[in-house]
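> What follows is a predicted structure for the sequence shown.
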Amino acid sequence: MSKTLRTAAFVIGAVALVASGVGAAAGAGLIGATAGAGAAAGATAGFLGVSAATLTAVGAIAGAASAVLSLAAGTPKGSIGGSATQFKIDKDAGLPIVIGRTYSGGNVVHRQYYGSKNSLESWVTVHSIGPVRSLGPLLINKVAVAMNGTAIGGAYTGFMWLDQQLGAVPEGRALAGPQGNFPGWSAAHKLSGLAADLWTLKFDEKGKIYPNGVPQRGRMVEGVYVYDPRLDSTYPGGSGACRLGNEETYVWSECPALHALTWAFGRIQNGVLVAGGGMKIGGIDIAPFVDWANVCDANGWKAGGIVYTNSDNSWDILKMIAQAGGGEVMPVGAQLSCTYTAPRVSIGTITAEDITGDVDVPGTASRRLRRNTVIPRVRLETHGWEEVPLDAIAIPAYVTVDGGSRPTELTFPLVQQVDQGAQLGLYAMWNGRELDGIVLPAKVYAIGYRPGDCLTVDIPEASLNARDVVVRNREIEGSTMGVTLTCRSETFAKHAFCLGKTGNAPPTPDLSVPPAYPIETTRAAYQILEATQSVAYPVTSTSTTVSVAAFEGTIDDGRRLSFPSYQATGLAESTTYIVLWNIAAASYSVPTVANAYAQIASPEYVIVRYISTSAADGTYPSQPTAPGGDGGGGYGGGGRYNQNEAIP
């Protein structure tokens with residue numbers, strides 16, 4: 001990424017604040033508050049005394065930020081600082097930063113021959129910006145060797161020494177060789193703020209100690225500390241002494257969200273930014289990082305690996321860290337915020353009444369983006385800390401739908417766990433199949449929604465039937481006082497699948513009614529096929545009774561049933577009832593039609609007959625004369641036969 005893009009990505013929030021003076025208010029959702037009575041009218045009307053022109057400027061800046069992020073989006077390219085496992089000399093690599101626990105070959109910053117006949121060779125190697133939690137045992141050809149103080153024992157006794165430091169600011173002393181100072185290295189070379197070691201080898205004249213020359217060496221490093229708001233008593237809900245900007249209070253963690261938050265703020269030593277984004281506290285939206293950290297902890301997701309200050313730009317490092325936790329970082333309302341992959345609950349509903357323009361909805365994800373097989377690449381301790389591909393993970397249902405395998409290989413440079421790599425790979429593949437780019441031009445009160453929020457969109461005209469979506473971007477239109485939300489569909493079932501809790505892949509989203517809102521297919525009550533009745537008119541009534549003669553009949557699913565005789569008494573005069581037969585209970589009920597809607601809609605019942613009771617004088621409620629031929633004189637079309645005798 002160019003310097004321009006990198007700078008824009010980190011300072012766009014500050015630019016918005018300077019340009020408008022209201023960026024912080026927008027970030028806090030305050031612009032959506034009701035304007036005071038003294039707000040200006042006409043072309044200068046706005047919110048909280050901020051003119052529409054100013055809001056338009058903010059919207060333009062937000063649009064520029066979106067453009068920057070669009071160019072910068074996608075999978076992080078990974079570190080280009082060379083192999084982290086190699087013991088190497090690279091003046092252009094910059095300072096390494098160890099995140100989490102990983103293997104480090106180290107970057108050599110000084111090398112010197114000295115002593116009698118140049119028999120000693122010392123290597124000063126930097127492993128990370130400090131302070132780090134620990135430098136593990138020295139590994140020679142990836143095998144740990146014994147140490148006695150600074151002397152290496154075993155086969156290397158008398159031929160190898162090691163001094164080390166964790167990167168305190170300042171360091172109490174400089175690293176030293178077995179003979180103290182040597183050319184180019186003295187007590188003034190403290191390397192404060194750098195986790196480093198000084199490795200010394202003695203020439204073996206017989207060629208038995210180092211038969212293949214200088215051996216490959218490395219260290220197991222537990223890297224830099226992080227700020228955790230949950231352990232900060234000054235942060236709402238936090239408890240503890242951790243304070244942002246005071247690295248002495250930081251805690252050690254492998255949580256990707258906490259590393260992303262700390263990296264955005266920056267690594268500061270002696271008042272100088274040595275690594276990271278260098279953002280002000282007010283420029284970071286801390287709350288979503290805290291939520292994200294809880295998700296990472298719950299999933300057991302960790303970040304581990306090495307990045308470099310010169311060869312890797314700060315924005316790409318931030319994206320790599322976020323990727324390890326299934327997250328993304330972005331500017332929102334003049335602050336750096338984040339969103340992450342996790343099950344979500346809808347916090348609001350968008351309907352046609354909330355829309356101010358044309359809704360843009362893709363019919364389905366493009367074929368180019370729809371992949372059905374993923375091959376995650378991660379760094380594994382079991383494979384010598386090298387980056388290796390995991391077994392391909394295919395979803396057979398998708399392979400069938402897509403007409404064949406469509407694989408993609410995804411690299412996760414700061415992931416060092418097999419399961420985590422598989423889960424993140426599945427999430428990336430699944431998100432590629434979601435409906436992305438759903439554009440909702442909404443009224444101004446939608447400004448309170450932020451990227452990462454889950455909403456339910458119920459706009460049948462756009463084939464969005466109670467569809468859950470996640471907000472991906474928010475643009476403020478100051479001239480129209482509107483908010484445009486760009487969203488991606490959210491399929492709840494994917495989370496259990498991607499985290500390995502279910503063996504069945506949910507279907508690829510499209511504009512059909514989603515499984516969470518199934519089309520009702522349960523049938524209503526059965527009806528008797530009239531021509532199959534063994535008794536032509538089995539039901540009769542009086543002013544207070546309804547009687548059923550025993551008969552047989554075939555219902556509309558083909559079953560032949562026997563209906564026993566029955567009489568209901570104590571009924572109201574001149575009232576229409578419905579005679580129902582409960583199949584499972586083998587019993588009748590005779591409710592009024594108004595009280596029978598639930599039974600009519602249930603397949604547990606058979607509708608025997610609609611029938612009316614007579615008045616006290618024996619007359620029945622008048623009914624329209626049925627058309628000729630209707631039901632054989634009206635029986636099937638609602639005509640009455642109540643005066644007929646039941647035929648035995």
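Thanks, I have the structure now. Numbering: from 1, shown residues only.
> C-alpha from now on. contacts and neighbour counts both.
Fine.
> Which residue ranges make up the domains of this structure?
96-223, 526-634 (automatic domain parsing).
> Could you list the low-pLDDT ranges of this structure?
Applying pLDDT under 70 to the chain flags residues 1-75, 77-88, 92-93, 501-510, 512-523, 530-531, 622-648.
> Try it again at 50.
1-73, 501-505, 516-521, 626, 629-648 (pLDDT under 50).
> Go ahead and measure how far the longest strand belonging to it is from the middle of the chain.
When every strand of the chain is counted residue by residue (DSSP state E), the longest turns out to be strand 464-477. From the chain centre to the centre of strand 464-477 is a distance of 15 Å (C-alpha atoms, centre = their mean, to the nearest Å).
> And the helices in this protein, which stretches?
For the chain, the helices defined by DSSP state H cover 3-20, 23-27, 52-72, 256-265, 286-299, 314-324, 396-402, 418-431, 493-498, 597-600, 631-634.
> what is I284 paired to in the beta sheet?
Beta-bridge partners of I284, counted by DSSP bridges, are L336.
> For E254, which non-adjacent residue is spatially closest?
Excluding the flanking residues, the one nearest E254 by C-alpha to C-alpha, 6 or more residues apart in numbering is G100, at 4.7 Å.
> Next, work out how far apart that neighbour and E222 are.
Distance, G100 to E222, using C-alpha to C-alpha, to the nearest Å: 6 Å.
> again with S192
As judged by C-alpha to C-alpha, S192 and E222 stand 18 Å apart.
> Look at the two and report which has more neighbours.
The residue with the greater number of neighbours, taking S192 and E222 and applying other C-alpha atoms under 10 Å, is E222; the counts read 24 against 21.
> Let me see the contact set for the more buried one.
Remark: with contacts taken as C-alpha atoms under 8 Å, 6 or more residues apart in numbering, E222 is in contact with 98-102, 132-136.
> Please repeat the previous calculation with a cut-off of 7 Å.
Contacts here follow C-alpha atoms under 7 Å, 6 or more residues apart in numbering; on that basis E222 touches 100-102, 132-135.
> What of V399?
Taking C-alpha under 7 Å, 6+ apart as the criterion, V399 is in contact with 372, 405.
> now do 8 Å
372-373, 405-406.
> Repeat that for F289.
The contact partners of F289, taken as C-alpha under 8 Å, 6+ apart, are 257-258, 261, 337-338.
> So which of the residues you listed wins on neighbours?
Neighbour counts for the contacts of F289, by other C-alpha under 10 Å, peak at A257, which reaches 35 neighbours.
> What sits closest to that one if chain neighbours are left out?
Looking at A257 with C-alpha to C-alpha, 6+ apart, the closest residue is A293, at 4.9 Å.
> again, but for L369
Closest residue in space to L369, ignoring its immediate chain neighbours: G432 at 5.7 Å, by C-alpha to C-alpha, 6+ apart.
> now swap in V126 and tell me
Nearest residue to V126, sequence neighbours excluded (C-alpha to C-alpha, 6+ apart): A196, at 4.3 Å.
> Who are the contact partners of that neighbour?
With contact set as C-alpha under 8 Å, 6+ apart, A196 has these partners: 124-128, 164-167.
> in the sheet, who's paired with it?
Here A196 sits in beta bridges with V126, Q165, going by DSSP bridges.
> need the contact list for W430.
K494.
> now do K319
Going by C-alpha under 8 Å, 6+ apart, the list of residues near K319 reads 76, 328-329.
> Pretty sure E247 sits against D228.
No: under the criterion of C-alpha atoms under 8 Å, E247 is not in contact with D228, lying 11.1 Å apart.
> sorry, back to before: farthest pair within the contacts of F289?
Spanning the widest gap among the contacts of F289 are L258 and S337, at 12.8 Å by C-alpha to C-alpha.
> what's in contact with stretch 146-164?
Applying C-alpha under 8 Å, 6+ apart, the contact partners of stretch 146-164 are 137, 145, 175-178, 195-204, 209.
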